[in-house]
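> coords please:
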Amino acid sequence: MSKLPAAFQPVPLLDLKAQFATIREEVREAIDRVVESQHFILGPEVEALEREVAEYSGCAYGIGVSSGTDALLVSLMAIDLKPGDEVITTPYTFFATAGAIARLGGKPILVDIDPLTYNIDSAQIEAAVTRAIMPVHLYGQMADMDPVMEIAERRGLFVIEDAAQAIGSEYKGLRAGSIGHLGCFSFFPSKNLGGIGDGGMVTSTDAELAHRVKLLRNHGYSPKYYNKVLGGNFRLDAIQAAVLRVKLKYLDQWTEARQRNAAAYRDLFGEAGLAVTLEEFSGGSPGVVLPFESPNVRHIYNQFVIRSHRRDELLNHLKERQIGAEIYYPVPMHLQECFAELGYGKGDFLASESAADQTLALPIYPELTVEELSSVAYAIAEFHAS
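Coordinates of the predicted model:
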């Protein structure tokens with residue numbers, strides 16, 4: 001693998017057009033159905049999607065909302081988060097998680113990640129907080145939920161799962177969004193289940209919390225114009241729901257393709273002699289660390305994330321070869337300017353800082369061909385051979 005294959009070709013990080021080509025007519029029919037109905041916000045399509053996602057996720061309730069960020073916000077509102085309330089979460093994730101806590105006046109209490117899974121290190125959680133724990137199921141793999149739930153139950157805390165990247169992932173046979181009190185999903189177009197715009201879902205097995213989320217997403221109306229609580233406009237559009245219902249039928253098939261692609265990468269990197277353990281990597285080995293799958297999980301590979309000592313150089317090399325790659329996430333939450341008042345500083349969360357400096361996401365979407373997967377692996381092998 002020291003030479004580029006004859007079939008070397010450019011590969012995008014994500015190709016949504018390739019997916020759309022396989023379901024074009026079904027999507028158009030779904031959109032036409034909504035347009036003909038002229039029922040664009042909430043309504044039958046949203047209600048059907050809520051039932052289908054709830055069933056898929058092993059939950060009793062699903063509440064469609066306007067985005068993954070709004071799913072987090074409305075869930076925190078549903079547990080009556082007050083200014084100054086503390087919520088445990090991770091510094092290594094997309095901004096919306098800690099941002100939602102702070103936006104409502106809460107205080108994010110950060111806990112470093114497990115360097116293998118990139119999820120919150122449950123062994124480091126201290127439960128002396130006032131309100132909730134918000135674990136993030138990053139990159140398509142669920143966090144270690146047993147210790148999280150044990151601490152929460154013992155201390156009387158809520159658990160809100162940030163499952164934005166994890167629909168269909170499992171922990172000991174339980175689906176993301178079904179273990180905590182509330183689960184939050186994103187249907188951003190790049191997600192495994194992505195819409196044609198923004199959208200999200202809150203799941204729950206708790207009837208009272210689900211009812212409260214449903215009230216809050218629509219100004220607290222019950223009935224219309226009679227406001228029971230102070231809510232907001234977090235409603236899901238019917239067109240998004242209709243398109244997502246089409247895609248949901250194919251989600252397991254697409255997940256299996258992502259898992260096959262991940263296995264193919266492992267074979268290719270193994271053949272090239274590039275795959276190393278985290279321990280070897282930490283000792284200075286020049287290879288790359290491949291994603292770790294925890295025991296008893298179903299990893300859905302929202303992202304395929306590797307580690308490299310020369311990450312930025314590798315990224316530039318891949319760009320030159322027209323290979324798509326992305327850094328998720330270059331700045332952990334404790335080093336973001338807007339969170340300076342939390343009092344954290346560089347060196348406080350070493351595992352998160354290392355991940356931010358070393359990780360790189362490669363193409364993993366279901367429609368990748370064998371030739372495209374090989375092109376990615378060969379380009380990385382070429383870089384390490386230079």
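
> What values do phi and psi take at the residue nearest to Arg321 when sequence neighbours are not counted?
Nearest residue to Arg321, sequence neighbours excluded (C-beta to C-beta, 6 or more residues apart in numbering): Ala379, at 4.5 Å. The way it works is simple: take the backbone N, C-alpha and C, and place the C-beta from them, glycine included. Ala379 has phi and psi values of phi -60, psi -40 when expressed as degrees, to the nearest 10.

> doesn't Asn316 make contact with Ala379?
No. Contact status for Ala379 versus Asn316: not in contact, 11.6 Å apart, counting by C-beta atoms under 8 Å.

> higher neighbour count, those two?
Higher neighbour count among Ala379 and Asn316: Ala379, with 23 against 13, using other C-beta atoms under 10 Å.

> Which pLDDT value goes with that one?
With respect to pLDDT, Ala379 scores 94.

> And for Pro5?
Looking at Pro5, its pLDDT stands at 55.

> Same check on Val65?
pLDDT for Val65: 98.

> what about Ala164, which SS state?
Of the three states, Ala164 takes coil under DSSP: H, G, I helix; E, B strand; the rest coil.

> One more: Asn316?
Here Asn316 is recorded as helix under three-state DSSP.

> Next one: it from Leu360, what distance?
11 Å (C-beta to C-beta, to the nearest Å).

> do Glu153 as well
On the measure of C-beta to C-beta, Glu153 and Leu360 end up 38 Å apart.

> More neighbours: those two, which one.
Of the pair Glu153 and Leu360, Leu360 is the one with more neighbours under other C-beta under 10 Å, namely 21 against 10.

> can you pull out the strands in the stretch 51-200 of the chain?
Counting by DSSP state E, counting those that start in this stretch, the segments of the stretch 51-200 of the chain that form strands are 61-65, 86-89, 107-110, 132-133, 158-162, 170-171, 174-175, 182-186, 200-204.

> Run through the residues that contact Gly200.
64-71, 164, 184-187, 236 (C-beta atoms under 8 Å, 6 or more residues apart in numbering).

> Top of the residues you listed by number of neighbours, please.
Counting neighbours by other C-beta under 10 Å, Ala71 comes out on top of these with 35 neighbours.

> Could you double-check that that one lies in contact with Met201?
Yes. Ala71 lies in contact with Met201 (C-beta under 8 Å); the separation is 6.4 Å.

> so what's in contact with the two at the same time?
Common contacts of Ala71 and Met201, defined by C-beta under 8 Å, 6+ apart, comprise 65, 184-185.

> Dump those residues to a markdown table, plus distance to Arg212.
Listed next are the shared contacts of Ala71 and Met201 as a markdown table, based on distance: C-beta to C-beta, whole Å:
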| residue | distance to Arg212 |
| --- | --- |
| Val65 | 13 |
| Cys184 | 14 |
| Phe185 | 18 |
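
> Gly347: which of those residues is nearest?
For those, the minimum distance to Gly347 (C-beta to C-beta) is 30.3 Å, reached by Cys184.

> Quick check, pLDDT for the closest one.
For Cys184, pLDDT reads 98.

> Now do it against Gly343, distance only.
Using C-beta to C-beta, we find Cys184 at a distance of 27 Å from Gly343.

> what about the stretch 1-150 of the chain, any weak spots by pLDDT?
In the predicted model of the stretch 1-150 of the chain, residues 1-8, 127-128 satisfy pLDDT under 70.

> if you go through the stretch 201-350 of the chain in chain order, where are the strands?
So, for the stretch 201-350 of the chain - with DSSP E, counting those that start in this stretch - the strands run 297-298, 304-307.

> So for the first one, mean pLDDT?
Averaged across strand 297-298, pLDDT comes to 97.

> I'd say Glu367 and Phe20 touch.
No. Taking C-beta under 8 Å as the definition, Glu367 is not a contact partner of Phe20, at 10.1 Å.

> what's near enough to touch Trp254?
Counted by C-beta under 8 Å, 6+ apart, Trp254 has contacts 19, 192, 366.

> most neighbours, which of these?
Asn192 (23 neighbours).

> Can you tell me the closest non-neighbouring residue to the residue nearest to the spatial centre of the chain?
Closest residue to the average C-alpha location of the chain: Gln165 at 1.8 Å, with C-alpha atoms, centre = their mean. In this structure, Gln165 finds its nearest non-sequential neighbour in Asn302, 4.0 Å apart by C-beta to C-beta, 6+ apart.

> backbone phi and psi for the residue lying closest to Pro330 once chain neighbours are set aside, please?
Residue nearest to Pro330 in three dimensions, not counting chain neighbours: Ala356, with 5.7 Å by C-beta to C-beta, 6+ apart. Phi and psi for Ala356, reported as degrees, to the nearest 10, are phi -60, psi -30.

> Roughly how far does Ala356 sit from Pro115?
In terms of C-beta to C-beta, Ala356 sits 12 Å off from Pro115.

> In space, what's closest to Ala60 - neighbours in sequence excluded?
Nearest non-adjacent residue to Ala60, counting by C-beta to C-beta, 6+ apart: Thr205, 5.0 Å away.
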